[in-house]
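Asker: dropping the sequence and predicted coords here.
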Amino acid sequence: MKLYSDIDTARAPALISPFFFVHLMWSVVASAVTLRFMPPYLSLLLYILVHTAYEVISDLIIKSKENSIPNSVGDTIGALVGWYIGYMLHKNGLRNLDIFVLFVLSVIVQNTMVEPAS
């Protein structure tokens, strides 16, 4: 298993792929939004449940992607790091405009990611 690779497959697993950063960015946005409506422990619990369900359903049940289990773990680590960044931003007075800018940046990052040919 590699720590980082542009390509992640079951035969050549990588803990971190470029999509780690997509998970990180969207998690910053998700935590910044949910922390406006709920306490941090509930926001974190909800986010862990939603993200883990996404990874299990898309990677293990539907198999819509050819990600490895280590990569799903890496994506979840990225999501937790992103949630924490959003928490710190919220704690320091994140404004609605800031959340909008984070959302736009997340869309840009996701749309610039191209699945490498395997």
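Answerer: Yep, that arrived.
Asker: okay, now Leu89: neighbour count?
Answerer: 18 (other CB atoms under 10 Å). All C-beta atoms are positioned from the backbone trio N, CA, C, and that covers glycine.
Asker: list the buried residues of whichever strand or helix holds it.
Answerer: Under the criterion of DSSP states H and E, Leu89 resides in helix 69-91. Neighbour counts over helix 69-91 (16 or more other CB atoms under 10 Å) mark 70-72, 74-76, 78-80, 82-87, 89-90 as buried.
Asker: from Ile61, how far out is Ala53?
Answerer: 10 Å (CB to CB, to the nearest Å).
Asker: next one: Leu49
Answerer: For Leu49 relative to Ile61 (CB to CB), the value is 16 Å.
Asker: who are the packing partners of the helix holding Leu89?
Answerer: strand 14-16, helix 20-34, helix 40-55 (3 or more CB pairs under 8 Å, 6 or more residues apart in numbering; DSSP states H and E).
Asker: among these, which comes closest to Met113?
Answerer: helix 20-34 (5.9 Å; CB to CB).
Asker: and the angle for the closest one with helix 40-55?
Answerer: 140 degrees (axes from the mean of the first three to the mean of the last three CA atoms, to 10 degrees).
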